[in-house]
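J.: Return a 3D structure for these sequence lines:
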Amino acid sequence: IDDAVETDVDAVVHAGDLFHDRQPELRDILGTIRALRRLREADIPFLAVVGNHESTRGGQWLDLFADLDLGERLGSDPRVVGDTAFYGLDHVPESRRGDLEYDFEPHDADHAALVSHGLFTPFAHANWETETVLDRSNVAFDALLLGDNHAPGVETVDGTWVTYCGSTERASAAEEEPRGYNLVTFGDAVDIRRRTLETR
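T.: Residues are numbered from 1 along each chain as shown. This next block holds a predicted model:
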């Protein structure tokens with residue numbers, strides 16, 4: 001958020017698992033509210049989807065932040081920022097993915113990105129076919145911005161950029177590589193640059 005405000009980005013996009021625990025402590029929720037307020041004061045929208053760690057029966061933390069006007073939950077309707085339409089696909093259990101239609105509302109922006117949460121091909125531990133998403137979607141995406149895999153990576157699938165930014169914090173001692181985020185620019189081409197963060 002410090003970097004986002006300092007460089008005046010058009011939006012901050014979060015691809016799920018804002019919290020590592022399904023029931024975060026009150027201090028973590030309050031800290032998140034303070035952080036998201038900084039983005040709102042800088043007029044930078046916070047766009048996000050729900051990850052598998054956040055799935056609950058009664059509701060989502062993201063809905064609370066949306067009710068507080070601190071964030072927006074992406075879905076099948078385009079959220080246009082500049083010349084890019086952002087769509088969201090929350091985490092869907094593998095057993096329910098066969099029922100997905102990948103039907104999105106049309107847009108008239110120059111570019112489109114799908115933000116989703118899951119383990120997509122061609123990355124490690126994948127159980128969700130990126131090709132299926134691209135083939136069955138009624139929107140042509142320039143990029144898929146993904147969460148769930150804690151390791152960063154960038155690939156192309158059928159001419160579409162597919163990227164994980166990785167986690168911004170270490171979730172286990174095995175995660176020795178630097179943590180960070182991606183700075184994504186949409187223009188004549190999609191430009192994805194990795195930025196590292198100082199962590200604990």
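J.: Would you mind giving the secondary structure of the residue lying closest to residue 70 once chain neighbours are set aside?
T.: Once flanking residues are discounted, residue 70 sits nearest to residue 36: 3.9 Å by CB to CB, 6 or more residues apart in numbering. The C-beta positions use only the backbone N, C-alpha and C, and glycine is treated the same way. Reducing the assignment at residue 36 to three states with DSSP: H, G, I helix; E, B strand; the rest coil gives helix.
J.: pLDDT score for residue 36?
T.: In this prediction, residue 36 carries a pLDDT score of 97.
J.: elements contacting the least confident helix or strand in the chain by mean pLDDT?
T.: Sorted by mean pLDDT, DSSP states H and E, the helices and strands of the chain end with helix 61-67, the least confident at a mean of 88. Based on contacts counted as 3 or more CB pairs under 8 Å, 6 or more residues apart in numbering; DSSP states H and E, the elements that helix 61-67 packs against are helix 26-41, strand 72-73.
J.: Could I get the full set of strands for the chain?
T.: Assigned by DSSP state E, the chain shows strands spanning 12-14, 46-48, 72-73, 79-81, 84-89, 111-117, 143-147, 153-157, 160-164, 179-186, 190-197.
J.: Any buried residues in the least confident helix or strand of the chain, and which?
T.: 61-62, 65 (16 or more other CB atoms under 10 Å).
J.: Please work out the average pLDDT along stretch 165-175.
T.: Per-residue confidence for stretch 165-175 averages out to 75 on the pLDDT scale.
J.: Of all the residues in it, which ones are buried?
T.: Going by neighbour count (16+ other CB under 10 Å), the buried part of stretch 165-175 is 165-167.
J.: ok so, going back, want to throw the strands of the chain into CSV with distance to residue 136?
T.: As requested, the strands of the chain are arranged in CSV below (distance: least, CB to CB, whole Å):
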stretch, distance to residue 136
strand 12-14, 23
strand 46-48, 23
strand 72-73, 22
strand 79-81, 21
strand 84-89, 12
strand 111-117, 12
strand 143-147, 13
strand 153-157, 13
strand 160-164, 13
strand 179-186, 23
strand 190-197, 21
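J.: Using a markdown table, lay out the ones you listed together with distance to residue 4 and mean neighbour count.
T.: Putting the strands of the chain into a markdown table (distance: least, CB to CB, whole Å; neighbours: other CB atoms under 10 Å) gives the following:
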| stretch | distance to residue 4 | mean neighbour count |
| --- | --- | --- |
| strand 12-14 | 5 | 22 |
| strand 46-48 | 9 | 24 |
| strand 72-73 | 15 | 16 |
| strand 79-81 | 13 | 18 |
| strand 84-89 | 15 | 25 |
| strand 111-117 | 16 | 24 |
| strand 143-147 | 15 | 24 |
| strand 153-157 | 20 | 15 |
| strand 160-164 | 18 | 22 |
| strand 179-186 | 9 | 18 |
| strand 190-197 | 10 | 14 |
